[in-house]
Every structure is written in C-alpha cells, then in structure tokens.
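Colleague: Quick one: sequence plus predicted model below, questions after.
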Amino acid sequence: MSTRARILDVAARLVAESPDGDVSTRAVCEAAQVGAPALYRHFGDKEGLLSAVVDQGFDAYLATKRQRGEGADPIEDLRKGWDGHVEFALRNPNLYRLMNSPAVRTPPASALESHRILTGDLERAAAVGKLRLAPELAAQMVMSANVGVALMLVARPATFADAGMSHRVRDAVHAAVLTPEAFRASWGEGAAGGPRGTVPATSEPSVPSAAARLNVLLRRSPDPSLSVAEGALLTEWLDRLSNAPRAH
C-alpha cells in the first residue's frame, strides 16, 4: 500500500470512529506512522485530506449508481436515488456530516457527480413530459431537501425518529416537481414502499411542463432551421417559462 493510500485509509477510519467526526492531522500522522511533511506533500493541508476522505467514501456510494445505470422509469430512479442517499448517510453518519460541512470549502468531485446524476434523471423525466419545471431547478429542490432530511436523521436522531419521515418529504418534493399525472401514477404504484400521506390536489401547470420538455428535447437534438442566435433566444424563453413562479 502506498503512503498516500495508508494516510487516506487511516484518516477515514479515524473520522468514522471520532465522536464528532473531526480528526487532527497529528493523530492521522501518528496512526499512519508518517511525518507531517508526507501528509502535506500528498494532500496539501487538512482540508485537502478531508476532501480526499469524502471523495473516497462517497465514491463507493456512487459506484452502485454507476453499476445500476439508467432504469426504464426515470421517476422510479428518482425515488431510489433519494432512498439510497438517505441510507448511505445513516450508514456513514460522520462521513456524511463531513461531506456537507462548511469546513470543506471545495465541493468534492463525488458531490458534483451525484448532482449530475440527479439532473440527468430529471432531464429524462422532462423529455417524456413528466416534469413541471426546468430540470436544473428541480434538481436543486430535490437535492437540498434530500440532504436536509439526511443531515437531520444523522445529526438529531432522537428528534427525527420517525422512520417514515424521509418518504413523506420525498413524496412531497416529488409532487412539487413532477406533473400531477406522473406523480399520481408513481404514487399509486407504491414502489419503494414507505408511509404516504394524501396525494396533493394540484392543477396541471401545462406551460411550464411543456416548456421544460421542449427545452430538453431541443438540447438533445437542436433544430437545424434555427440560427445559433435564434436557438439561444429560444432557450432563454423556454428557461423563463419553465422556471416561472406559479400562483398559489
């Protein structure tokens, strides 16, 4: 095992065993039996070391997504993605808190890839008319809610003890980003299980949904009859329509 790999494995173990998820570079060096210069040569500083720990741990989680690939139903992939995210956090509470800590100022590559996978699933949903707003905005809504739920479950388990809470929030967020027909169909199937509340009574936001779908389809297959300037202008208009706030 290389010196870098040994330092990284030791740091990951100490993070997992730490009461608060924090470790010192001195403790890592002592446990790995290396001098401080070796650690700084391979990782730059403590932040670089912790970022590498996060990447290594979360990469194992992303490996399952890469192996599974895209399913036939993007809505089912969204549901599985949410549940898998929460399960990973519960299995690795210290690592998960570290990944979302302000102390790690540079977003790990694994976090960016996770967001790209989510956006891709939402783009697939938009392409078949199942998304009611732009995939990029929907991804921000889903990811922020998913991370928030996972953080509360690992940081405050005594307060957030309801095993069905994650599914309820998941369904509420999915109801907000999916068209009513798409959400009701997936909700009725009961895939992935979990307690459910009442299906929200919503009206079809036809213009934002249609704009989001057309935007995704045009990105995949640009219309040759449009000039570059016309295509850019159309994209801007479709973005505005798909992201427009809806009246409540």
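Modeller: Good, I have the coordinates. Numbers count the residues shown, from 1 in each chain.
Colleague: what helices or strands is the least confident helix or strand in the chain by mean pLDDT leaning on?
Modeller: Least confident helix or strand of the chain, by mean pLDDT, DSSP states H and E, is helix 180-189 with a mean of 73. Contacts defined by 3 or more CB pairs under 8 Å, 6 or more residues apart in numbering; DSSP states H and E place helix 180-189 against helix 74-91, helix 165-177. Every C-beta, even on glycine, is put in place using the N, C-alpha and C of the backbone.
Colleague: Mind listing residues that contact the longest one?
Modeller: Pointing back at helix 74-91 there. 58, 61, 64-65, 70-71, 96, 114, 117-118, 121-122, 124-125, 128, 130, 142, 146-147, 149-151, 153-154, 166-167, 170, 174, 178, 182-183, 185-186, 191-192 (CB atoms under 8 Å, 6 or more residues apart in numbering).
Colleague: Figure out how far the very next helix or strand once past it is from the centre of its chain.
Modeller: Next helix or strand after helix 74-91 toward the C-terminus (DSSP states H and E): helix 93-99. How far helix 93-99 lies from its chain's middle: 14 Å, per CA atoms, centre = their mean, to the nearest Å.
Colleague: If you count neighbours, what's buried in helix 93-99?
Modeller: Pro93, Asn94, Leu95, Tyr96, Arg97, Leu98, Met99 (16 or more other CB atoms under 10 Å).
Colleague: circling back: quick check: next helix or strand after the least confident helix or strand of the chain?
Modeller: Helix 180-189 is succeeded, C-terminally, by helix 206-220 (DSSP H and E).
Colleague: got the angle for that next one vs helix 180-189?
Modeller: In terms of direction (axes from the mean of the first three to the mean of the last three CA atoms, to 10 degrees), helix 206-220 departs from helix 180-189 by 90 degrees.
Colleague: now for helix 206-220, which elements pack on it?
Modeller: If you count contacts as 3+ CB pairs under 8 Å, 6+ apart, helix 206-220 packs onto helix 109-127, helix 228-243.
Colleague: From the contact counts, what lies against the shortest one?
Modeller: Contacting helix 228-243 under the criterion 3+ CB pairs under 8 Å, 6+ apart are the following elements: helix 206-220.
Colleague: and the angle from the helix it packs on to helix 109-127?
Modeller: Using the same axes, to 10 degrees: helix 206-220 against helix 109-127 is 120 degrees.
Colleague: Contacts only, for the closest residue to Asn215 other than its chain neighbours.
Modeller: Nearest residue to Asn215, sequence neighbours excluded (CB to CB, 6 or more residues apart in numbering): Leu238, at 4.0 Å. Listed by CB under 8 Å, 6+ apart, the contact partners of Leu238 are Ala211, Ala212, Leu214, Asn215, Leu218.
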